[in-house]
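In: Take this sequence and fold it.
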Amino acid sequence: MTDNQKQEYAADESTDDPTTDDMAIRTDVSESVSASGPTTSGAPVVRAENVDVWYNDDQALQDISLEIPENQVTAMIGPSGCGKSTFLRCINRMNDMIDAARVEGDLHLRGKNVYDDDVDPVALRRRVGMVFQSPNPFPKSIYDNVAYGLKIQNKDGDYDEIVENSLKRAALWDEVKDQLDTSGLDLSGGQQQRLCIARAIAPDPEVILMDEPASALDPVATSKIEDLISELAEEYTVVIVTHNMQQAARISNKTAVFLTGGELVEFDDTEKIFENPDSQRVEDYITGKFG
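Out: Okay, the predicted model is just below:
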């Protein structure tokens, strides 16, 4: 079993290519932002206050504070190694599985600090689902992949109906409805990732975390995942890590920019970040002057 599969089981149980043409990037991103429509405000579901993360003596995140609104897509962008995936994993305490990791500060889910002693990480992960970078369905049938979380959580309900609805919400039902007994490993890469999304939403979480969910997919599959993310935000709060700035501009309402040293440099409406950022460092990153 791969490390990602171990993380997926535990969660249920318990490159940029900068161009030197600044104007081309700005034009592409501006068009993407415009296409995403107006940004609306939502009540915060996740609130971080002065969050620091260390791996042994190396600090991965420094003093992170932000509020993630309900029923919107929040994107986290930044160069490799800046801590954005580390922060994502803080939200449902996936970093607990790393012995060297230490988290300080407060991180609230609907007003409750998820790092309080009385919070059960397993119960937390039922409310905060996770989709990883590489598609990694379990070595089970398509049906059993989607129903897996329901079974181990002893959830009530009509599993056939829940599996069907989850696959429909993941835009996969029409493609697999006649082969639910076949292995999820037999699907294409894009289909496997949508199967993993169906598995994540079947237990009906409040928040869905996505760590570069389209980075290993071809453009057609990527487009389907992006359309799906926009639809999921109507029912869930979605937080996505991406290296693709145009992707963040296309699908997100809010964007957090992490830069070297684990620092959150700017967090604002996506349109504001890409068209008129307050920070010169963010401006330089978005226009490809570094990355």
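
In: which residues of the stretch 101-250 of the chain fall in strands?
Out: Along the stretch 101-250 of the chain, the stretches classed as strands by DSSP state E, counting those that start in this stretch are 101-109, 112-113, 128-131, 207-211, 237-241.

In: burial measure for Asp160, as a count.
Out: 11 (other Cβ atoms under 10 Å). All C-beta atoms are positioned from the backbone trio N, CA, C, and that covers glycine.

In: Mean neighbour count and mean pLDDT for the strands of the stretch 101-250 of the chain - can I get that in TSV?
Out: Below are the strands of the stretch 101-250 of the chain laid out as TSV (neighbours: other Cβ atoms under 10 Å; pLDDT from 0 to 100):
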stretch	mean neighbour count	mean pLDDT
strand 101-109	17	96
strand 112-113	14	96
strand 128-131	24	94
strand 207-211	24	97
strand 237-241	25	97
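
In: Quick check: which of these is nearest to Ala43?
Out: strand 237-241 (9.8 Å; Cβ to Cβ).

In: Tell me the strands beside the closest one, with direction?
Out: strand 73-77 (parallel), strand 207-211 (parallel) (DSSP bridges).

In: tilt between it and strand 101-109?
Out: 150 degrees (axes from the mean of the first three to the mean of the last three Cα atoms, to 10 degrees).

In: and strand 237-241, how far out from the chain's middle?
Out: In terms of Cα atoms, centre = their mean, to the nearest Å, the centre of strand 237-241 is found 4 Å from the chain centre.

In: what does it contact?
Out: The contact list for strand 237-241 (Cβ atoms under 8 Å, 6 or more residues apart in numbering) reads 42, 45-46, 68-77, 84-85, 88, 91, 206-213, 229, 232, 248, 251-252.

In: Repeat that for stretch 50-68.
Out: 44-49, 74, 83, 86-87, 90, 95, 98, 100-107, 237, 239, 254, 256, 261-264, 267.

In: same thing but 7 Å
Out: Contacts to stretch 50-68, defined as Cβ atoms under 7 Å, 6 or more residues apart in numbering, come from residues 44-49, 74, 83, 86-87, 90, 95, 100-107, 237, 239, 256, 261-264, 267.

In: same check, this time on stretch 94-104
Out: So stretch 94-104 is in contact with 7, 10-11, 51-56, 86, 89-90, 115, 121, 130, going by Cβ under 7 Å, 6+ apart.

In: and the end-to-end length of it?
Out: 14 Å (Cα to Cα, to the nearest Å).

In: Same check on stretch 64-77?
Out: 14 Å.
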